[in-house]
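Peer 1: structure of the sequence below:
(3 chains)
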Amino acid sequence: MAKRVRLTRAFFDRSVHVVAPELIGATLLVDGVGGTIVEVEAYDHEDPAAHGFNGQTPRNASMFGPPGHAYVYRSYGIHWCLNFVCEGEGIANAVLIRALEPTAGIPLMQKRRKMQDVRLLCAGPGRLCEALGVTRAHDGLLLDVPPFRLLARPAAAPLAVGPRIGITKAMDKPWRYGLAGSRFLSKPFK
DNA sequence: ATGAAGATGAAT
DNA sequence: TTCATCTTCATC
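Peer 2: Numbering: from 1, shown residues only, chains lettered A, B, ... in the order given. Sure, this is the predicted structure:
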């Protein structure tokens, strides 16, 4: 297998609308555990649905920081969700990582998730974080140094595009991207 | 100090 | 469709 290009902080210093689709097919590993990204959503600073839209707070601070860092937040009091911060220091732009196809460290993921079905291990932002062991401790960390490891997609992937999940229709945009036909998505694209 | 809502997931 | 679970932030 050809050695794949590591994604550095420079990769993320671009519009979320460019970065998000390019992340489909890329590899995400946390302490060596992870797989191929198959679903993401883009949130830009002009987006009323984005956490940063109403200004900076302690929770979303890392979203306003420089690109190439992680933004991890607590969802519904229960789950962690992982984002990659993109261009515009002082402006909140990020890509939510929603699902991946497990390829590395599957036994550990199964243990963390307390279930065996590989298809459901990382099919959703909360599930993905539980499987990879991502918590608030990862908030604000750089993405191009351990424990993170990101590898560029080997080639452009066939994209599915659709409305984002959990966003009220009035605020929504077609900024959810997926690997067309993947069975590891949190939900199918229509 | 208090309360409402939330970029979800699992069970019913 | 319901509910678990709890932090965050706006408001009082």
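Peer 1: low-confidence regions, chain A specifically.
Peer 2: A:1-2 (pLDDT under 70).
Peer 1: dig out what the most centrally placed residue in chain A forms beta bridges with.
Peer 2: The centre of chain A sits closest to A:I97, judged by Cα atoms, centre = their mean, with a distance of 1.7 Å. On the basis of DSSP bridges, A:I97 takes part in beta bridges with A:V40.
Peer 1: residues contacting it?
Peer 2: Taking Cβ atoms under 8 Å, 6 or more residues apart in numbering as the contact definition, A:I97 lies against A:L23, A:L28, A:I37, A:E39, A:V40, A:L82, A:N83, A:F84, A:P125, A:L128. C-beta here means a position set from N, CA and C on the backbone, and glycine is covered the same way.
Peer 1: now render those as TSV, adding distance to DNA strand C and neighbour count.
Peer 2: Output for the contacts of A:I97, formatted as TSV (distance: Cβ to the nearest atom of the strand, whole Å; neighbours: other Cβ atoms under 10 Å):
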residue	distance to DNA strand C	neighbour count
A:L23	25	27
A:L28	24	25
A:I37	25	29
A:E39	20	29
A:V40	22	27
A:L82	15	25
A:N83	14	26
A:F84	19	27
A:P125	13	26
A:L128	16	30
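Peer 1: which one of those is nearest A:R59?
Peer 2: For the contacts of A:I97, the residue nearest A:R59 by Cβ to Cβ is A:N83; the value is 12.1 Å.
Peer 1: which elements pack onto the one helix or strand A:W80 maps to?
Peer 2: Counting by DSSP states H and E, the element that carries A:W80 is strand A:79-85. If contacts are counted by 3 or more Cβ pairs under 8 Å, 6 or more residues apart in numbering; DSSP states H and E, strand A:79-85 sits against helix A:61-64, strand A:70-75, strand A:94-104, helix A:125-132.
Peer 1: between these, which one is nearest to A:F11?
Peer 2: Nearest to A:F11, of all those, is strand A:94-104, at 11.2 Å by Cβ to Cβ.
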